[in-house]
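Trainee: no letters, just coordinates:
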């Protein structure tokens, strides 16, 4: 089975250099960039074009293999020239895909050009589901640009409502200060996509704890650490002029093809030059530390004020203007009073919110409650970004097949229903005949990198008429490392007993404010785990799941804090 870490793979053999196909990758997010980098490593003579609608690309850096499948990494935003300077056979074009013509094997883009391909990989990610897309008081959080817009609108906000219970919503609620926050979720507990009610209870006290207190309890230093990465300013000039790129980087000219001619956008025979189309592609998804070094402060209270009220098991029924609100004779909910501040807190709690007539928008929930607020953040999930690839021509052989969730269906070798067309990352939905027992797909940056690298290996193997050799080892076990409320969170396997029915048992260990450990067992064997805090158990538990060791005789002593389980199972 193939190695899951591209950074540790050996150099390509001499025979691989005969691969000189023209490959086009659409999308500059984690999946697209990972695919391009791996394909360039495998086939240095290939002509690789990356079509990216955003002015920056997302690159995986500081990759560290923690275990056999488990890995940690950072996601950095890089100038478009980053890929070309790192991989000479890659060219990046700042355009959005508008449509594609599979019969002619070309991609039409927004700057009045076409990109022909021999192999195509679609990595356009996903777009946020917005509860009221054109409402001026509603914003969706998905990419860097939307975060910056949110920061600007937040400055004057006295109260915001965050709608959704996924990773972005959970992180956002923790990061916002200086205003009241109503968190509306459809589940019985917070962070339902990532942890159960027990873990949610562990995190609840930190909804209103100042960051320095929460992070100290989580084992992190109270002071903020500098982020060792280059920051870029987005403007229409900087993203186009080589003189404003980071020192040592340049935007190269089109490169000659090994088959003759110049690679890059063309107008192929039989195709008219398309009109200019407004850039319509959403920027690539946020990475694991998107909120680092970002100031997210409202304007209603003191700088360190944090007050979150959670409305459980509800959804948004409608948004009302002040006129609609009063004409219906409704009454808005009073925001719960602020709890006593932790010792040493400098938060200011005086009210500065005027009469309810001044709320610019009222959110009506399906539990009958109405809240006035200044801003509504829609974080209710995403849908695959496939609009440019919905074919309008007849002929079943030229049609992509889509899953019920809107993703492009791919097989166990990441192939779509159209020959020589692949998909990776959030835009696709895997349909594998024999999926691994303890792995399942989830739209996360971890799997975006994994599928991007694996798809490159599949493209290369197919072009060379070689067997792929089965999915990479990383697909043997679901793994994800992230942070919530200042705590390290590790998810392994069927961490919430997904798909196990009632045939499982749970072991728990919890130290309030320090750590939370949950193990899922089925027939005496570990099949999943949740690790919150600096437990140092992730590698041991990963091995226990992969080795399918019978742990029946250990019982609850498996989580006994007085037993060094790492040494015991070493």
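Mentor: Received it, and whenever you're ready, just let me know what you need. The shown structure was predicted, so the numbers you read here are calculated from the model rather than taken from an experiment.

Trainee: what segments of the stretch 451-570 of the chain are strands?
Mentor: Per DSSP state E, counting those that start in this stretch, the stretch 451-570 of the chain carries strands over the ranges 479-484, 487-493, 505-511, 515-522, 525-532.

Trainee: and the second one, how far from the chain's centre?
Mentor: Right, strand 487-493. 15 Å (CA atoms, centre = their mean, to the nearest Å).

Trainee: buried stuff in that strand?
Mentor: Residues of strand 487-493 classed as buried: 487-493 (neighbour count, 16 or more other CB atoms under 10 Å). For the C-beta atoms, the positions are set from N, CA and C on the backbone; glycine is no exception.

Trainee: pull up the gap between the closest residue to residue 32 other than its chain neighbours and residue 51, please.
Mentor: Nearest residue to residue 32, sequence neighbours excluded (CB to CB, 6 or more residues apart in numbering): residue 123, at 3.5 Å. For residue 123, the distance to residue 51 equals 10 Å [CB to CB, to the nearest Å].

Trainee: neighbour count winner among the two?
Mentor: Under the neighbour definition other CB atoms under 10 Å, residue 123 and residue 51 were set side by side, and residue 123 has more, 32 against 28.

Trainee: what sits against that one?
Mentor: Residue 123 sits next to 25-27, 29, 31-32, 35, 423-425, 427, 452 when contact means CB atoms under 8 Å, 6 or more residues apart in numbering.

Trainee: wait, which of these is closest to residue 65?
Mentor: For the contacts of residue 123, the closest approach to residue 65 (CB to CB) belongs to residue 452, at 16.7 Å.

Trainee: the residue nearest to the closest one when sequence neighbours are not counted and residue 386, how far apart?
Mentor: Nearest non-adjacent residue to residue 452, counting by CB to CB, 6+ apart: residue 34, 3.3 Å away. According to CB to CB, residue 34 and residue 386 sit 20 Å apart.

Trainee: which one of the strands of the stretch 451-570 of the chain lies closest to residue 336?
Mentor: strand 479-484 (22.8 Å).

Trainee: now that closest one against strand 525-532, angle please.
Mentor: 20 degrees (axes from the mean of the first three to the mean of the last three CA atoms, to 10 degrees).

Trainee: and the residue nearest to residue 426 when sequence neighbours are not counted, what does it touch?
Mentor: Leaving aside its chain neighbours, residue 426 sits nearest to residue 126 (3.9 Å; criterion: CB to CB, 6+ apart). Residue 126 makes contacts with 142, 285, 382-385, 426-427, 443, as judged by CB under 8 Å, 6+ apart.

Trainee: the same query, at a cut-off of 7 Å, please.
Mentor: 285, 382-385, 426-427, 443 (CB atoms under 7 Å, 6 or more residues apart in numbering).

Trainee: pick the one among those closest to residue 185.
Mentor: residue 382 (16.6 Å).

Trainee: can you check the pLDDT for that closest one?
Mentor: Residue 382 is assigned 88 on the pLDDT scale.

Trainee: pLDDT at the residue nearest to residue 426, what is it?
Mentor: Reading off the model, residue 126 has pLDDT 91.

Trainee: distance-wise, check it relative to residue 405.
Mentor: Residue 126 sits 10 Å away from residue 405 when distances are taken as CB to CB.

Trainee: distance of residue 563 from residue 555?
Mentor: In terms of CB to CB, residue 563 sits 12 Å off from residue 555.

Trainee: sorry, wrong one. I was asking about residue 470.
Mentor: Plainly put, residue 470 is 36 Å away from residue 555 if you go by CB to CB.

Trainee: what of residue 44?
Mentor: For residue 44, the distance to residue 555 - CB to CB - is 54 Å.

Trainee: same question, residue 548
Mentor: Taken as CB to CB, the span from residue 548 to residue 555 is 18 Å.

Trainee: who has more neighbours out of the two?
Mentor: residue 548 (14 against 11).

Trainee: OK, contacts around that one?
Mentor: With contact taken as CB under 7 Å, 6+ apart, residue 548 is in contact with residue 525.

Trainee: need the next SSE after the least confident helix or strand in the chain by mean pLDDT, C-terminal direction.
Mentor: Lowest mean confidence among the helices and strands of the chain (mean pLDDT, DSSP states H and E): helix 211-217, at a mean of 52. Downstream of helix 211-217, the first helix or strand assigned by DSSP states H and E is strand 307-311.

Trainee: just checking, residue 60 touches residue 76?
Mentor: No - using CB atoms under 7 Å, residue 60 is not in contact with residue 76, being 8.1 Å away.

Trainee: and stretch 310-320, end to end?
Mentor: One end of stretch 310-320 to the other measures 20 Å (CA to CA, to the nearest Å).

Trainee: what's next to that stretch, contact-wise?
Mentor: Stretch 310-320 is contacted from outside by 131-132, 135, 163, 182-188, 190, 361-367, 369, using CB under 7 Å, 6+ apart.

Trainee: one more time with 6 Å
Mentor: By CB atoms under 6 Å, 6 or more residues apart in numbering, the residues outside stretch 310-320 that reach it are 131-132, 163, 183-184, 186, 188, 361-362, 364-367.

Trainee: check stretch 163-183 too.
Mentor: With CB under 6 Å, 6+ apart, stretch 163-183 has contacts from 141, 157-162, 184-185, 187, 191-193, 291, 296-298, 300-301, 303, 305-310, 316, 335, 371, 378-381, 484-485.

Trainee: hang on, the residue nearest to residue 452 in a helix?
Mentor: Yes - per DSSP: H, G, I helix; E, B strand; the rest coil, residue 34 lies within a helix segment.

Trainee: right, and it touches residue 453 too?
Mentor: Yes - using CB atoms under 6 Å, residue 34 is in contact with residue 453, at 5.1 Å.

Trainee: elements contacting whichever helix or strand residue 41 is part of?
Mentor: Residue 41 belongs to helix 30-42 when assigned by DSSP H and E. Applying 3 or more CB pairs under 6 Å, 6 or more residues apart in numbering; DSSP states H and E, we find helix 30-42 packed against strand 22-26, strand 47-51, strand 56-65, helix 445-463.

Trainee: between those, which one is nearest to residue 202?
Mentor: Residue 202 lies closest to helix 445-463 among those, at 22.3 Å (CB to CB).

Trainee: for the closest one, give the mean pLDDT please.
Mentor: Taken as a whole, helix 445-463 has a mean pLDDT of 95.

Trainee: what does stretch 502-514 give?
Mentor: Rounded mean pLDDT across stretch 502-514 is 93.

Trainee: now swap in stretch 406-420 and tell me
Mentor: pLDDT averaged over stretch 406-420 gives 95.

Trainee: what's the distance between that stretch and the middle of its chain?
Mentor: Averaging C-alpha positions (CA atoms, centre = their mean) puts stretch 406-420 21 Å from its chain's average.

Trainee: what residues of it count as buried?
Mentor: Within stretch 406-420, the residues scored as buried using 16+ other CB under 10 Å are 407-410, 412-418, 420.

Trainee: please convert the residues you listed to CSV, extending it with secondary structure.
Mentor: Listed next are the buried residues of stretch 406-420 as CSV, based on three-state DSSP:
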residue, secondary structure
407, coil
408, strand
409, strand
410, strand
412, coil
413, coil
414, coil
415, strand
416, coil
417, coil
418, coil
420, coil
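
Trainee: for residue 525, state which of those is nearest.
Mentor: Nearest to residue 525, judged by CB to CB, of the buried residues of stretch 406-420 is residue 412 at 24.9 Å.

Trainee: residue 147 versus that closest one, what's the distance?
Mentor: Noted for residue 412: a distance of 35 Å to residue 147, by CB to CB.
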